[in-house]
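Trainee: the sequence isn't on hand, but the structure is:
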């Protein structure tokens, strides 16, 4: 080659080119962790490679992508322990070898046969049932890892779930040791009964079972990893180990002390993640604070119940108080490490519920509240501010406003995030503020008064007109709801105030966030409006929403037709027969049905039959012919054609694909919860 050849040489790619966004040579931890969660890949249109509106994709969109806790780049988070599979297996293998040697050593002695009766009773009531809450905690970590917004978080949760699997196995092994050494003690065989019936366990059981439906990934992290688990583990591992040693049970002490290391590691990464989220986006602090307040009481109640079980072998009064205080300190330490303790100390507004009381002096709320920030943006000008969602208006007032007359639509949902408002209907006063929303179930003339508002702290609210059809859509998806929910009586108040917190507040936040983007507003806005209705139906406002949906003779006949379809869908029924049954003409029923429900009676009946067939083919093992016959289809071929058109797959293939596996279905979820 000519030495003067100046052609540019192509620089070979480095092994770590796939990790270019890390901007340094990746470590072993980063190589095996980065982008390993398929559902958070770059440039995705949905979590899974299917229609973005499928139930699974909508689940991830709602509870992960639209979570109140957001960070521009979750991939920048790092596990403080930088745990990898190789590192984890090596560390746990050493622990298992040590523990196995200890357990085998004690197994050949008279250690367990010499345990005193009171301490053995404590082991039976506190150690043996532990595998049940541990399984519950393991399920929360598996869910958290699955729905996490980054593979770095997924791996942390996966190792946490593995720790809990190990913990359950070791508790089961220790339980078997005790059963073999003391076959005369029946309570050692009653772990499940104790977990389900023993009074001291019930607060913990309730808290854990409720945590299983903390669907938002960040709320799950807060509820379990930052609040509930630190309190439970302080008692079930830390305090329990101390009392075990006092009762000369060195084997249980060694076991629990070893398991406490796993718990400490889980707390480290969980607190580091929360602190990372708050440091990268201070607006997240408000959501964490709100969830902590929601779950802290549950955790302390759970700790109090377990403290009564643990102190049965010691002085009940003083020891029980000290044990509960230790659990509270564990929660406080967790929150401090997560960077939440400072936010928790900020004074919160106090809601007044009676007009006689003088208005409270409210401290300035944290600017990190995402809902206040949204309302402040959409209510940019004093007075009413229209937006691109029909029936939604934002309000801003920077001073009190005297009572004035106003008129609402059919069903009105009023949310105040800052300031205080008084609404008078038929002489009855209702106050709504940041802690309480107002629902008016039909068109009413009212007087509205802004009680609190200033330039530094303006009154911010929204009024959303909810179509009765939106309530009907949620109601018709659940037969138990239609049967169990009754409309409010004529004597009931037409306007009612309820607590505005928890899941309902999150649903409103998700709904308002869609307003900026035309695509999100059209596609996701109706979904989150349905969620708002769903949350309202789970509260004491349910009868008023049912009244709104059933208001008018035509609506009552539509719902009567729906009940008739749900009762008779197994046989071949016609729309004419349904109309005669509810006392309406076929054309009138079809018109009212389309207006209220959004589809014709024929299409609703078809949807009802196919949904029932789908569920029962999966759950009961029905074949195609049986499913067709039992859902009112005259021929199996007609059923196969309709099913394939509706679900996109032949019924036999669909059933084989999902049989024996948990399914996620919007109608099925609504039936379960409502």
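Mentor: Looks like it arrived, so ask away. As the structure is a computational prediction, the values presented were derived from the model and not from experiment.
Trainee: and stretch 170-178, how far from the chain's centre?
Mentor: Using C-alpha atoms, centre = their mean, to the nearest Å, the distance from the centre of stretch 170-178 to the centre of the chain it belongs to is 33 Å.
Trainee: buried residues, that stretch. List them.
Mentor: Neighbour-count burial for stretch 170-178, counted by 16 or more other C-beta atoms under 10 Å, picks out 170, 171, 174, 175, 177, 178. Yep, even glycine has a C-beta here, placed from its N, CA and C like the rest.
Trainee: now, among those, which is nearest to residue 412?
Mentor: residue 171 (53.3 Å; C-beta to C-beta).
Trainee: does that closest one belong to a helix or a strand, and which?
Mentor: With elements delineated by DSSP states H and E, residue 171 resides in helix 151-181, which encompasses its position.
Trainee: buried set for that helix?
Mentor: If you call a residue buried by 16+ other C-beta under 10 Å, then helix 151-181 has these buried ones: 151-164, 166-168, 170-171, 174-175, 177-178, 181.
Trainee: got it, and stretch 603-612?
Mentor: Buried positions in stretch 603-612, judged by neighbour count with 16+ other C-beta under 10 Å: 604, 605, 606, 608, 609, 610, 611, 612.
Trainee: what mean pLDDT does that stretch get?
Mentor: For stretch 603-612, the per-residue pLDDT values average out at 82.
Trainee: just stretch 456-473 next, same as before
Mentor: Predicted confidence along stretch 456-473 averages 82 (mean pLDDT).
Trainee: same question for stretch 377-395.
Mentor: The average pLDDT within stretch 377-395 is 87.
Trainee: just stretch 159-167 next, same as before
Mentor: For stretch 159-167, mean pLDDT is 94.
Trainee: swap in stretch 148-156?
Mentor: The predicted confidence, averaged over stretch 148-156, sits at 94.
Trainee: export the buried residues of stretch 603-612 as CSV, with columns for distance to residue 589 and secondary structure.
Mentor: Conversion of those to CSV gives the following (distance: C-beta to C-beta, whole Å; DSSP: H, G, I helix; E, B strand; the rest coil):
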residue, distance to residue 589, secondary structure
604, 11, helix
605, 12, helix
606, 16, helix
608, 16, helix
609, 18, helix
610, 21, helix
611, 21, helix
612, 22, helix
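Trainee: of these, closest to residue 575?
Mentor: Within the buried residues of stretch 603-612, the smallest distance to residue 575 is 7.6 Å, found for residue 605 (C-beta to C-beta).
Trainee: pretty sure the closest one contacts residue 564?
Mentor: No - the criterion here is C-beta atoms under 8 Å, and residue 605 misses it with residue 564 at 9.9 Å.
Trainee: now for the two: what residues contact both?
Mentor: residue 578 (C-beta atoms under 8 Å, 6 or more residues apart in numbering).
Trainee: show me where this protein has its strands.
Mentor: Residue ranges of the strands in the chain, as given by DSSP state E, are 383-386, 392-397, 401-407, 412-418, 420-425, 428-433, 436-440, 445-452, 459-465, 495-499.
Trainee: what angle do the fifth one and strand 412-418 make?
Mentor: Looking back up the chat, that one is strand 420-425. Per axes from the mean of the first three to the mean of the last three C-alpha atoms, to 10 degrees, the angle that strand 420-425 makes with strand 412-418 is 160 degrees.
Trainee: buried sites along strand 420-425?
Mentor: Of all the residues in strand 420-425, those buried under the rule 16+ other C-beta under 10 Å are 420, 421, 422, 423, 424, 425.
Trainee: helices or strands up against that strand?
Mentor: Identification of packing neighbours for strand 420-425 by 3 or more C-beta pairs under 8 Å, 6 or more residues apart in numbering; DSSP states H and E yields strand 428-433, strand 436-440, strand 445-452, strand 459-465.
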